[in-house]
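Asks: After the sequence you'll find the predicted model.
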Amino acid sequence: MAELNSKILIVDDEPQIRRFLRAGLSTQGYDLIEAVNGAEALAKTATDHPDLMILDLGLPDGDGTDVILKIREWTKVPIIVLSVRASEQDKIKALDSGADDFLTKPFSVGELLARIRTALRHVAAPEHAEPEFVLDRLRVDFMKRRVTLDGAEVHLSRKEYDILRALIAHAGRVLTHQQLLREIWGAHSTDQTQYLRVYIGQLRHKLERDPAQPEFLLTEPGVGYRLKLPGE
């Protein structure tokens, strides 16, 4: 069941989608608020303080990415985009604008609920609040910059460690290629995706049982990467 009093703002101008979401989410204990356009979404975010937003990109008064950019000026409320747009460019634009996740219509309620739980857990766990991060067999000691796997130390290069730390800081959230490149290599390196692929490959060879079927470092094809959350 949902965490007590978790409040979700649904932003979609299609009544049938709102009804479908109400039916699927209300039974899980979430309190629901609805908005039918971007202006109403901004107003209700300010007045009702939702714990999470589900946002369609095709709104009658503008594009949903503009709503994301405006909201990100003053709040970090998790935003899950729910859209018929399925291109890599649309996903990248939404995530780069500040969305936390992207789900393409049609979708299953089960998958949406899993994405909601992941987003809410990420908010409940402040970034680097603890001196170490533990995920199944993987342990990262931030104070000592030490990474162990099944108790044995794994030697990472500086870039490999920086990428892993960035993914841990946003565990459960997809980071686009551009976001990771900007954070690790700087603002002028966002087109150097080949560097990122090489380092992700090296990390997988060092951390995964089977690099071809990763259990920690997950891929959103054409968009970016995310680190699995503990308990996911």
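Replies: Received the coordinates, thanks.

Asks: Point out where the chain drops to low pLDDT.
Replies: For the chain, the stretches with pLDDT under 70 are 1-5, 122-130, 187-190, 230-232.

Asks: Check the offset of stretch 138-150 from the chain's centre.
Replies: 23 Å (Cα atoms, centre = their mean, to the nearest Å).

Asks: can you offset everything so residue one is 517?
Replies: Right, with 517 as the first residue, what we last looked at is stretch 654-666.

Asks: What residues sit buried inside that stretch?
Replies: Going by neighbour count (16 or more other Cβ atoms under 10 Å), the buried part of stretch 654-666 is 654, 655, 656, 663, 665. Heads up, the C-betas are built off the backbone N, CA and C, glycines and all.

Asks: same thing with stretch 531-547?
Replies: 534, 536, 537, 541, 546, 547.

Asks: With distance to residue 575 as new columns, can these be given to me in a markdown table?
Replies: A markdown table is the format used below for the buried residues of stretch 531-547 (distance: Cβ to Cβ, whole Å):
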| residue | distance to residue 575 |
| --- | --- |
| 534 | 13 |
| 536 | 18 |
| 537 | 16 |
| 541 | 20 |
| 546 | 22 |
| 547 | 22 |
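
Asks: picking that back up, which two from the buried residues of stretch 654-666 end up farthest apart in space?
Replies: Based on Cβ to Cβ, the longest span within the buried residues of stretch 654-666 runs between 656 and 665 and measures 10.1 Å.

Asks: Identify the residues contacting residue 628.
Replies: 537, 540, 541, 570, 596, 598, 619 (Cβ atoms under 8 Å, 6 or more residues apart in numbering).

Asks: nearest residue to the spatially most central residue of the chain other than its sequence neighbours?
Replies: Nearest to the mean C-alpha position of the chain, by Cα atoms, centre = their mean, lies residue 689 at 2.3 Å. Residue nearest to residue 689 in three dimensions, not counting chain neighbours: residue 616, with 5.1 Å by Cβ to Cβ, 6 or more residues apart in numbering.

Asks: Go ahead and confirm the one you found touches residue 632.
Replies: No - using Cβ atoms under 8 Å, residue 616 is not in contact with residue 632; the gap is 10.3 Å.
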